[in-house]
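Novice: Just a sequence and a predicted model for now, questions to come.
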Amino acid sequence: MSARGLCVACWKYERGFGYRKGLRRAVWFCSRDHQVRFVKEFLMVDWTKEEDEMLLQAGKAGGEYLDSIGVTDLGRLNKTQWTMFLRCLVGRLAEVRPDWHRKWEAQIDSDPDDLALPF
Ligand SMILES: [Zn+2]
């Protein structure tokens, strides 16, 4: 059992589902679903197509910002512009991530075999 902390996947209180292999310290989860997700999607596989799609959407937001200021060479951005560019990327990623998370949970719910832990 772990000290009561937060699930690294969703920040709810963890409930004793841990993982440590290959990590400097154990991480904890609220559920088996989030434990499996972390191991499969953050430690054991490359970027998924869905994650790539999220990045492309985030990149589009950054491109829209660059278009709005008329600068396409990132090396020409001043600190304020660079910060705004990064805010656009991260902000769009935060917007699209919940949709991806819902799709992922629906996929897990529809395919219980996908919960087989690979360790
Ligand atoms: Zn969780």
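Specialist: Yep, that arrived.
Novice: The ion contacts on this protein?
Specialist: Contact residues (CB under 5 Å from the ion) of the chain with the ion: 7, 9, 10, 30, 34. Every C-beta, even on glycine, is put in place using the N, C-alpha and C of the backbone.
Novice: From those residues, pick the one nearest residue 98.
Specialist: Using CB to CB, residue 10 is the member of the residues of the chain next to the ion that lies nearest residue 98, at 11.0 Å.
Novice: quick one on the thing from earlier: I'd like to know which of the residues of the chain next to the ion are buried.
Specialist: Applying 16 or more other CB atoms under 10 Å to the residues of the chain next to the ion, the neighbour count classes 7, 9, 30, 34 as buried.
Novice: Inside helices: which ones of those?
Specialist: Of these, the ones assigned to helices by DSSP state H are residue 34.
Novice: Now pLDDT too, for the residues of the chain next to the ion, in CSV please.
Specialist: Below are the residues of the chain next to the ion laid out as CSV (pLDDT from 0 to 100):
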residue, pLDDT
7, 91
9, 84
10, 85
30, 93
34, 89
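Novice: and the two most separated of those?
Specialist: Using CB to CB, the residues of the chain next to the ion span at most 7.5 Å, a distance reached by 9 and 30.
Novice: Pick out the residue nearest the middle of the chain.
Specialist: Centroid-nearest residue in the chain, with CA atoms, centre = their mean: residue 97, separated by 7.0 Å.
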